[in-house]
Each structure stands twice: as structure tokens, then as C-alpha cells.
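K.L.:
With the input below, show me the fold.
(2 chains, ligands or ions: 1)
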Amino acid sequence: MSTVEAITKKIVKISDVIVSQDPKEVIVTYSLGSCLGLTAYDPTTQMGGLLHCMLPASKKNKEKAKVSPAMFVDTGVVLLLQQLIELGAKKSNLEIRIAGCASSLQQVGNIKIGERNHTVARKILWKNDLMIAGEDVGGTQPRTMILELGTGKTLIQSCGETREI
Amino acid sequence: MSHAEEILKEAERFPALDPTALNLLELLQSDDFETREVVDRIELNPQLTIKILRLANSGFFGLRREVTSVFHAVNLLGKTNLVRLLLSATVGPIISQALEGYKVEEGELWKRAIAVAFAARQYARRLNVDVEDRVFISGLLCDVGKLLTSSWVEKHLKEIQVAAFEEGCSFEEAEKRCLGVNHAKVGSILLDSWDLPDSLVEVVRWHHEPTKCGAEYRTEAELVHLADYSCALFGIGAGSDGTHYRPCHETFEKLHVDFSLLEKVMIDTMDELEKSSFMFESP
Ligand SMILES: [Fe+2]
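P.N.:
Okay, here's the model as predicted:
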């Protein structure tokens, strides 16, 4: 048995968001492809959250976005920020990191989901005066994204390697 | 013996799917069948009977009264649900295992399979091609070959990763280069050895290269290709292969598949996937 205090793992599914203020928790999302993974963390309160969105914009899917706002990057980011602020985090303290937005080996026509997700994420963060502190995006390799509430670290696992962003 | 020969030999020894259930699935694909005939065949197989009754009584269908006869269950469930139940009772258990080579955990390949099946049917509907039920099954089984290629991929993972991520092959092209066969070919050989229809064997064989499929089943192969590509792109059940697949440009152009169609198909697919979560429960 490890001597470290037990860490609880919470798993974010596709089109979902989880926030937490428990330093003994890690929030994880698996197999990010073209989807966007985004972590936001307030180091002063040790509150943070992780979001996993599939599609860039809710504009043409208003009804769907009402039921499932985390499916889209634009409504998902707003939802994550709302939940963190409700929890007591301060928006101006938030460190934002993003991952995923992969493409396939070749792109077809206008189907650039990964790129679109990336662009919309940058726009919506910019509108909210939030800077991106780190990112690990593009390419064709799968990614797992992890937020450690205790340390505030965002880790990316891909092809057997782990790196901090 | 070459790797390819050894893999194909393994395919011949691979345990078959439950033949009763497969016959039933085939029967259900035809338009003229009697419910009684379906019920009789189910009752011949006690394991299947138990599964059907258990699933009919599971919370998913929200039935108030307990279902105690197969006849009652079949009538209540309707054809579509019955096909789903049969699939989850037969294909589910074998396709749910974790795959070391592809680095997918238990249940992930099954989830991917169902997602591809739903997406293939969505594409068929939205593109007005009348093959919904057939593409559902070929979508479901398109990656079945991974069950066999997985241990080989595991042994040769470094080599395959180099071919794929450094030398520009797609993941299945890298399989072919390093192992001599890809999972699509192995899958088609498995299905053929289980005496499944040619349409299924051919569509699975060519789901990554639909233009090579014979004219008779090409449209189906194209639909399954679209579905498989879309699900891979979103990382559903993705593992060591990531999103490292090549889209068939000809197919996308021919069927006019653009961002907005793909978006609609995937939103509906995720909806259906959520509603079918009962299929992931272990039987
Ligand atoms: Fe495949």
C-alpha cells in the first residue's frame, strides 16, 4: 500500500464537466480525439474543473445546448466558469490549459473539427479575459488529460508518456 | 510461417459467435418472418431466453408488469429492440474484452462498435440510402478483427507506432506493413469462417478502403467507413491508434459529407449511445 493519502479519481465523460475543491481529488478525461479538453484552476482557493467538449459552436443546436451545454465549446466554457465561480473561485485567478483538438491523418474539406474547437476555445477565453497558460493540441495521437486539485497541475498522457503543460 | 499466415490461422481457430443468435439476426433482417418463429428459436436456447427476459425486465424499457414469457418479451420489445438485445447478448461479451495492443480498457471496443453502428445508420438515413439495418450490423462488427490483431499489435507496437506516427502510414496501414494484414482483413476472415453473409464480410473487409469494395456493397462500405472515421475522430473507444486514420476523400465527395452533416450524425449518435447504456451492463 502506498503511504500517500488516498486520491479519488473523478472521470469526465464526453460532453461533460466536473468541478471540485477537494485537494485529494484528481479529475480525468480519457481518449481526447478532436474534442477539446480544458482545465481551469484557481491556485488561491485550490478549486478547479475539467471540461470535455465535442463540437465547437452551439449556434445551430440551441435546443441540444440547453440540455447538454458541455457538448459545445462555447456553452461548455461558460458553464465551467459559472460552476467554478459558484463554488467560490475567482475568475481573474483562473489558470487555463487546453488539450486535444486532434485531427485525422488527412483532413477532408471543411471537416476540421479539432481546429474549429481550438479556435472557438481561444475566442471565448479571450472574450472572458482569460489567458491560456498551457496547451497540448493537434496531431493524431490520443490524449488523456488530468487535473490534480492538490497541486493544480495539468498532466497529459499520450502514447505511454506523461507531460505537464 | 509469416505473421500474416499465423494470424489467419488463429482466425480459423477463433470461437464462433452463438449460432442461434446469428441465425435469428439474419431472420430478423428479412422482412417476412413470423413472431412465432422468432420465439421458437429463442426458446431453443436457454441462455438467450434468460438474457432476453432479464433485459426485458430491466429498467430500460420501463415496463410495469413482469415479463415472464419469451413471446410476451418479443412482442413488447419490437424488432429494433430485439435486434439490439440479441447483439448485446452475443457480440457484446466477446467484443467487450480489454485489448492490450490497442490500449483500450474493458468495454471500450464494444462502446466504439455500438457508436459506429448507430452512426452508420444515421448516415444511411440522412443520405437516404435504404440499408439502415444492414449497415447497423456491419458497423457493429467492422473492427471485430482487432480481437485477434491486438496481441500482435502489442508485440510490434513500437514498430507500428514508428510506421504510423513517424512515417506517415495510417494506423491500419501500419498494421499491414508490420504484420502483413490489417484488422479489417482479419475481421472479414473471422466473419467468413462464422458463415456470415457476403455483404457483411465484404463491407468489413473494406471499411477503411471503401473504393476497393465490389460495386454491389460499395455504398454500405462507404457508410460504414464514414461512421468509423467519425467515431475515431471523436476519440470514442480510441486507444493507441488515436485519430490516426485516413478519410476516403472520394467517399466524402461522392456523398457530399460536410461538417454540418457530420455534426448532426454525431449529435444523434451520442444521444442513441446514452439511451443504450443498458447494452453496456454486463449480462
Ligand atoms: Fe477499423
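
K.L.:
Which helix or which strand is home to A:R97?
P.N.:
Taking DSSP states H and E as the criterion, A:R97 maps to strand A:95-100.

K.L.:
and what of B:E12?
P.N.:
Assigned by DSSP H and E, B:E12 falls in helix B:3-13.

K.L.:
Pull out the buried positions in the helix or strand following that helix.
P.N.:
With elements assigned by DSSP H and E, the helix or strand that comes after helix B:3-13 is helix B:19-29. For helix B:19-29, the neighbour count (16 or more other C-beta atoms under 10 Å in any protein chain shown) marks B:20-22, B:24-25, B:28-29 as buried. Glycine gets a C-beta too; all of them are placed from N, C-alpha and C.

K.L.:
Which one of those residues is nearest to chain A?
P.N.:
For the buried residues of helix B:19-29, the closest approach to chain A (C-beta to the nearest C-beta) belongs to B:L25, at 28.8 Å.

K.L.:
Give me the phi and psi angles of the closest residue to chain A within chain B.
P.N.:
As assessed by C-beta to the nearest C-beta, chain A sits closest to B:G235 within chain B, at 2.9 Å. Per-residue torsions, B:G235: phi 80, psi 20 (degrees, to the nearest 10).

K.L.:
How about the contacts made by it?
P.N.:
Residues near B:G235 by C-beta atoms under 8 Å, 6 or more residues apart in numbering or on different chains: A:14, A:31-35, A:100, A:102, A:142, B:242-243.

K.L.:
returning to what we had before: and the helix holding B:E12, what's its mean pLDDT?
P.N.:
Throughout helix B:3-13, pLDDT has a mean value of 86.

K.L.:
Show me what from the stretch 1-150 of chain B comes close to chain A.
P.N.:
Proximity of the stretch 1-150 of chain B to chain A, by C-beta under 8 Å from any C-beta of the partner chain, involves residues B:E108.

K.L.:
Run through the stretch 1-150 of chain B and note the low-pLDDT ranges.
P.N.:
Within the stretch 1-150 of chain B, the stretches with pLDDT under 70 are B:29, B:31, B:59-63, B:132-133.

K.L.:
And the helices in it?
P.N.:
B:3-13, B:19-29, B:35-43, B:46-56, B:70-95, B:108-126, B:132-141, B:146-155 (DSSP state H, counting those that start in this stretch).

K.L.:
would you turn the ones you listed into CSV with distance to A:G134?
P.N.:
As requested, these are exported to CSV (distance: least, C-beta to C-beta, whole Å):
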stretch, distance to A:G134
helix B:3-13, 41
helix B:19-29, 49
helix B:35-43, 56
helix B:46-56, 46
helix B:70-95, 37
helix B:108-126, 28
helix B:132-141, 38
helix B:146-155, 32
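
K.L.:
now the one helix or strand A:E115 maps to and strand A:95-100, what's the angle there?
P.N.:
Assessed by DSSP H and E, A:E115 sits inside helix A:113-127. Inter-element angle recorded for helix A:113-127 and strand A:95-100: 170 degrees (by axes from the mean of the first three to the mean of the last three C-alpha atoms, to 10 degrees).

K.L.:
avg pLDDT for stretch A:79-90?
P.N.:
97.

K.L.:
Return the distance of it from the chain's centre.
P.N.:
With C-alpha atoms, centre = their mean, to the nearest Å as the basis, stretch A:79-90 stands 14 Å off its chain's centre.

K.L.:
Pull it out as PDB, backbone CA atoms only.
P.N.:
Below are the C-alpha coordinates for stretch A:79-90, written out as PDB (Å, rounded to 0.1, in the frame of the first residue of the first chain):
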ATOM      1  CA  LEU A  79     -20.700  26.500 -17.900                       C
ATOM      2  CA  LEU A  80     -17.300  25.600 -16.400                       C
ATOM      3  CA  LEU A  81     -16.600  29.200 -15.400                       C
ATOM      4  CA  GLN A  82     -20.100  29.600 -13.900                       C
ATOM      5  CA  GLN A  83     -19.700  26.400 -11.800                       C
ATOM      6  CA  LEU A  84     -16.200  27.500 -10.600                       C
ATOM      7  CA  ILE A  85     -17.400  30.900  -9.600                       C
ATOM      8  CA  GLU A  86     -20.400  29.500  -7.800                       C
ATOM      9  CA  LEU A  87     -18.000  27.300  -5.900                       C
ATOM     10  CA  GLY A  88     -16.100  30.400  -4.800                       C
ATOM     11  CA  ALA A  89     -13.200  30.500  -7.300                       C
ATOM     12  CA  LYS A  90     -12.100  34.000  -8.600                       C
END
